[in-house]
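Enquirer: sequence and predicted model, in that order:
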Amino acid sequence: MTRLCVATMLLWATLATCAGCSRQHAAAVADANAPPVRGGTLRLVGSSDVDHLTTTSGYLTGSLWLFRGFTRQLVSNPPSDDFNRSITLAADAAIAVPSVANGGISADGRTYTFHLKPELRWNSTPVRPVVAGDFVRAFKLFCNPVNPVGAPPYYTTTIDGLDAYCSAMLKVPGTVVDIRHFVETHEIPGVRAVDERTLQIRLRAPAADFIYLIAMPFASAVPVEYLDYLPDSPEFRQHTLSNGPYAITRYLQNREILLERNPVWDAGSDPIRPAWVDRIHIRLGIDPALIQLQIEAGTADLGFDSTMLTVDQASLQAIGDPRVNALPPGEHYSGMRYLAVNQVSPNNGGALAKLKVRQALALAVDKSALVQVSGGPAVASALNQAVMNGVSGWRSGADQYATPGDRGDSVAARRLLEQAGYAEGLPLRFAYPVTGTFINQAQAVQASLARAGFQVTLYPFSSSDFFGRLLPNPQNAKRGEWDIALGGWLPDWVGGNNGRSVIGPLFDGRQLGNLSQNYGKYDNPVTNAAIDRALTAATPEQAEAAWADASRQVMADVAIVPLLQVKSALMRSSRLRHCLWSVMGTQCDMTSVWLADADGKSPAGVDR
């Protein structure tokens, strides 16, 4: 009751304040359509550091967003205010997106050939070209024993010979000398540099979604100097190189990241990144409650790892503040929130291995309350399937464990708990990241579960610790460090056959090792078989049907409790312009924004 009253008072206070300055906000964005100017420092603030600074293993949205500034991929998503254009891949480091028509994809669909642009350069000493061997090196480091690739099955199940290569490399001692020796003395049959500017990748079988895997930052070029360091070690983080528009010139872990212009980047070769600002300064370790205040005050331009706090969000949306963005635009969502259920937890005699306990969890949650604490229906809606709308496997009318008004059914949930042998209730360790709306969502879930007889204790973690250490390490699950966890997932690409980017990593029971995103260690041969059918389907329609089979089985097993499908609710400073949705970072594309008070002497071209 007290918390509700405080929140209401804050809401009205913010409304009054914002109403008094709405004309100022409107005037500040009146030049939103003016020609862009170069210059200035884009100021970002966040609470947590990246999970990894190596492109081969970085997987949090903050990391993927940061990679946009200093790395380039063979193909990538162009920034655009047209949603369909933004999800259509374009050539980046490659001269063209390969296709059967242009000879880049073989007639049997198994060989992809990429020709590199000649203008690509590393900011190394001395400066040198980016060559096909740098991309080969990325694939060779996918299965290093220290920090392997974030989504191994994407590549080990598609690229010829990579699975065997990885099996061998994962047994190598995790030292600089051993990793370098293995990389330099072993080859992947399906990945080769034909010459310095030609990369060829051979698949085990045709895969219609493979081009999207190549667009992931995992497949970014890796310079030879990276073999001098353990992947993502503190020493590595001080010696990153760049082939993109910016380079990291200062990195202080959990405190600061500074990117400045890369003098060897060739703008003419990069239609993806306009790079209007001169510098990108990221301050970390900021209390989430202060991030919004700094953006409103104009001392920061965007949050790095945090969405808006919902009290502020609701009030600013109510008056139509133009600084508020809900991305992606239109009737599209950027991701989903769910409860990961630790089925290998030893706590309470392994209670979460019992189906009825998991069913009780699924019925207990008041998802309508979650929508409200997440900013309302403008940015969130209840989810009752294993994947969100827009992901392969979602089906209209296929909801499971739905309740009237999405308010939950604590009576039915409590009955299931009693049938499972927990009439006196069940204690649970609930882990969640201390960032953005996760905080309020965790509290709302705790309240829902309490009404059904669960005795929930909250365990907060920083974002980087939660997603980078706690969940990906299977030993933490087996030790019972957590029972349920508030997870968030974004499809790695939007549009097309994208079930591989959600159902595969979250629910494939054959991928349970270090850095697996199957956090609860769910494993069902029926689901695994459906995944295999989808990945080997001859047509998109057959793949879609198989993904739907997998999704239904996941829900029947209650491998997770789906909660919400969400947009990214963002606030930008009054001076920030041209906020275009970044598919990878679900933020304003940092290489596309420009600043109204930039010091450019004349307008830059706007034909990009």
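Expert: Noted; the coordinates are in hand.
Enquirer: where does the stretch 301-450 of the chain dip in pLDDT?
Expert: 306-314, 317-318 (pLDDT under 70).
Enquirer: ignore the last one, the chain
Expert: Ranges of the chain meeting pLDDT under 70: 1-33, 306-314, 317-318, 601-608.
Enquirer: domain assignment for it?
Expert: The chain breaks down into these domains under automatic domain parsing: 61-225, 335-566.
Enquirer: could you dump the ones you listed to TSV with mean neighbour count?
Expert: In this view, the C-beta of every residue, glycine as well, is placed from N, C-alpha and C. Shown next, in TSV, are these (neighbours: other C-beta atoms under 10 Å):
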stretch	mean neighbour count
domain 61-225	19
domain 335-566	20
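Enquirer: out of those domains, nearest to L580?
Expert: domain 61-225 (4.1 Å; C-beta to C-beta).
Enquirer: straight-line length of that closest one, end to end?
Expert: This stretch, domain 61-225, spans 26 Å end to end (C-alpha to C-alpha, to the nearest Å).
Enquirer: then stretch 282-299?
Expert: Taking C-alpha to C-alpha, the first and last residues of stretch 282-299 lie 12 Å apart.
Enquirer: and what of stretch 284-300?
Expert: Stretch 284-300: ends 12 Å apart by C-alpha to C-alpha.
Enquirer: buried ones in it?
Expert: L284, I286, P288, I291, Q292, Q294, I295, E296, A300 (16 or more other C-beta atoms under 10 Å).
Enquirer: and F466, helix, strand or coil?
Expert: helix (DSSP: H, G, I helix; E, B strand; the rest coil).
Enquirer: my read: it touches Y432, true?
Expert: Yes: counting by C-beta atoms under 8 Å, Y432 is a contact partner of F466 at 7.3 Å.
Enquirer: and for the two, which residues touch both?
Expert: Counting by C-beta atoms under 8 Å, 6 or more residues apart in numbering, the residues touching both F466 and Y432 are A485.
Enquirer: ok so, going back, in a markdown table, list the domains of the chain along with distance to R43.
Expert: Converted to a markdown table, these look like this (distance: least, C-beta to C-beta, whole Å):
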| stretch | distance to R43 |
| --- | --- |
| domain 61-225 | 14 |
| domain 335-566 | 18 |
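Enquirer: closest one to R572 among these?
Expert: The nearest among those, by C-beta to C-beta, is domain 61-225 at 14.2 Å.
Enquirer: hmm, back to that, to D51, which of the domains of the chain lies closest?
Expert: Across the domains of the chain, D51 has its closest neighbour in domain 335-566 (3.7 Å, C-beta to C-beta).
Enquirer: list the contacts for Y338?
Expert: Applying C-beta under 8 Å, 6+ apart, the residues near Y338 are L383, G487, G488, W489, I560, V561, P562, L563.
Enquirer: output the helix or strand hosting it as PDB, nothing but the C-alphas.
Expert: Counting by DSSP states H and E, the element that carries Y338 is strand 335-341. Extracted C-alpha coordinates of strand 335-341, given in PDB (Å, rounded to 0.1, in the frame of the first residue of the first chain):
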ATOM      1  CA  GLY A 335      12.000  -9.300 -26.900                       C
ATOM      2  CA  MET A 336      10.400 -11.300 -24.200                       C
ATOM      3  CA  ARG A 337      10.600 -11.800 -20.500                       C
ATOM      4  CA  TYR A 338      10.300 -15.200 -18.900                       C
ATOM      5  CA  LEU A 339      11.000 -17.200 -15.700                       C
ATOM      6  CA  ALA A 340      13.800 -19.700 -16.200                       C
ATOM      7  CA  VAL A 341      13.100 -22.700 -14.100                       C
END
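Enquirer: who does it pair up with?
Expert: Next to strand 335-341 in the sheet, as set by DSSP bridges, lie strand 484-489 (antiparallel), strand 560-566 (antiparallel).
Enquirer: list the contacts of the longest one.
Expert: By that I understand strand 560-566. Contacts for strand 560-566 (C-beta under 8 Å, 6+ apart): 333-341, 358, 361-362, 365, 367, 370-371, 374, 379-386, 388-389, 401, 437, 441, 445, 484, 487, 506, 520, 522, 554-555.
Enquirer: so of the residues you listed, which ones are in strands?
Expert: Using DSSP state E, G335, M336, R337, Y338, L339, A340, V341, A380, S381, A382, I484, G487 are the members of the contacts of strand 560-566 that sit in strands.
Enquirer: follow-up on the earlier one: the buried residues of stretch 284-300 in helices, which ones?
Expert: P288, I291, Q292, Q294, I295, E296 (DSSP state H).
Enquirer: which one of the ones in strands among the contacts of strand 560-566 is nearest G513?
Expert: Out of the ones in strands among the contacts of strand 560-566, the member with the shortest distance to G513 (by C-beta to C-beta) is A340, at 16.5 Å.
Enquirer: that closest one contacts Y522, doesn't it?
Expert: No: using C-beta under 8 Å, A340 is not in contact with Y522; the gap is 9.2 Å.
Enquirer: got the contact list for the closest residue to L564 other than its chain neighbours?
Expert: Leaving aside its sequence neighbours, L564 sits nearest to R337 (C-beta to C-beta, 6 or more residues apart in numbering; 4.4 Å). Residues in contact with R337 (C-beta under 8 Å, 6+ apart) are L370, S374, L383, F438, Q441, L486, G487, G488, L563, L564, V566.
Enquirer: give me that answer again for 6 Å
Expert: Residues near R337 by C-beta atoms under 6 Å, 6 or more residues apart in numbering: G488, L563, L564.
Enquirer: what of V222?
Expert: When contacts are counted by C-beta under 6 Å, 6+ apart, V222 touches D134, R137, A138.
Enquirer: what strand or helix carries the second one?
Expert: Assigned by DSSP H and E, R137 falls within helix 132-140.
Enquirer: what about stretch 165-182, how long is it end to end?
Expert: 10 Å.
Enquirer: again, but for stretch 420-429
Expert: For stretch 420-429, the end-to-end distance is 19 Å (C-alpha to C-alpha).
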